[in-house]
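Chemist: Next input, structure requested:
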Amino acid sequence: MARNAFDKAADALRERLTSVWVLLSQTTDFASRTRLFPQYEDEFRAMRQTLQSRSRDPAAAAGIRTRLVEIRHAFRLSGYDLSVGRCDLSIQGFRNDDAESLGFRRIVVFIGERGLWFEAGQANHNDLFTILERRLSLGPPVVIIAKHYLWYRWDRDLLLLSGSATETRRDLEMLTAWCEDQENRNRILSRMNSLR
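Modeler: Residues are numbered from 1 along each chain as shown. Predicted coordinates:
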């Protein structure tokens, strides 16, 4: 889902108001969960050393802030959503319809070669599945590699996922394995961030 101009402006304002130490920490933490981290790791270490050794030099801090904003912009251009930098997910077994009383909602997730789609709501999982299939059939063809029938709940920055009665044990194991890849984990967190 494309982020609107308001979201982008809010990100830019947050970056300007955040201390350079916090911005470095957040950027390093996010980057460490991507495949791009090795190309920035030494630079982050050098920034940290510069901030420590030149702690009273506002020009050094300003230069590092400028570079961090450039790096964050490059991540966004590469398709990363830095707004989920502090987020994580946990897959927790299976739940039944009592999950609603615990704040969980139903969701059907299709994982494709080039995308991730979902339909969430109060309808049962089979109806959500039908709605999502119909919606995808109206667009260009997509290759789906996995379909999941889940319960979800956001607990602050932690996305909790559980299999529903419709999800097979094997499919939930495959989702768990898929989410062990940090890039995939970032994908699902970014897409489901709108459901908070």
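Chemist: Against Asp98, how distant is Ser164?
Modeler: 12 Å (C-beta to C-beta, to the nearest Å). For glycine as for every other residue, the C-beta is placed from the backbone atoms N, C-alpha and C.
Chemist: Looking at these two, which is more packed in?
Modeler: Neighbour count, other C-beta atoms under 10 Å: between Ser164 and Asp98, Ser164 has more, with 22 against 8.
Chemist: Tell me which residues touch that one, please.
Modeler: Contacts here follow C-beta atoms under 8 Å, 6 or more residues apart in numbering; on that basis Ser164 touches Phe94, Arg95, Asn96, Arg106, His125, Tyr149, Leu150, Trp151.
Chemist: Could you check stretch 108-120 and say which residues are buried?
Modeler: The neighbour-count check on stretch 108-120 (16 or more other C-beta atoms under 10 Å) flags Val108, Val109, Phe110, Ile111, Leu116, Trp117, Phe118, Glu119, Ala120 as buried.
Chemist: where along this protein do the strands fall?
Modeler: Under the criterion DSSP state E, strands of the chain are mapped to 88-94, 105-112, 116-121, 144-155, 158-163.
Chemist: give me the number of residues near Glu41?
Modeler: The local packing of Glu41 (other C-beta under 10 Å) involves 13 other residues.
Chemist: residue contacts, it?
Modeler: Residues near Glu41 by C-beta under 8 Å, 6+ apart: Ala31.
Chemist: Can you give me the pLDDT of it?
Modeler: Looking at Glu41, its pLDDT is 96.
Chemist: Same check on Gly115?
Modeler: Reading off the model, Gly115 has pLDDT 91.
Chemist: thought it was touching Pro141?
Modeler: No. If you go by C-beta atoms under 8 Å, Gly115 and Pro141 don't touch, sitting 11.8 Å apart.
Chemist: Nearest to Gly79, out of the strands of the chain?
Modeler: strand 116-121 (12.1 Å; C-beta to C-beta).
Chemist: tell me which strands and helices the closest one is in contact with?
Modeler: Packing partners of strand 116-121 (3 or more C-beta pairs under 8 Å, 6 or more residues apart in numbering; DSSP states H and E): strand 105-112, helix 125-137, helix 182-192.
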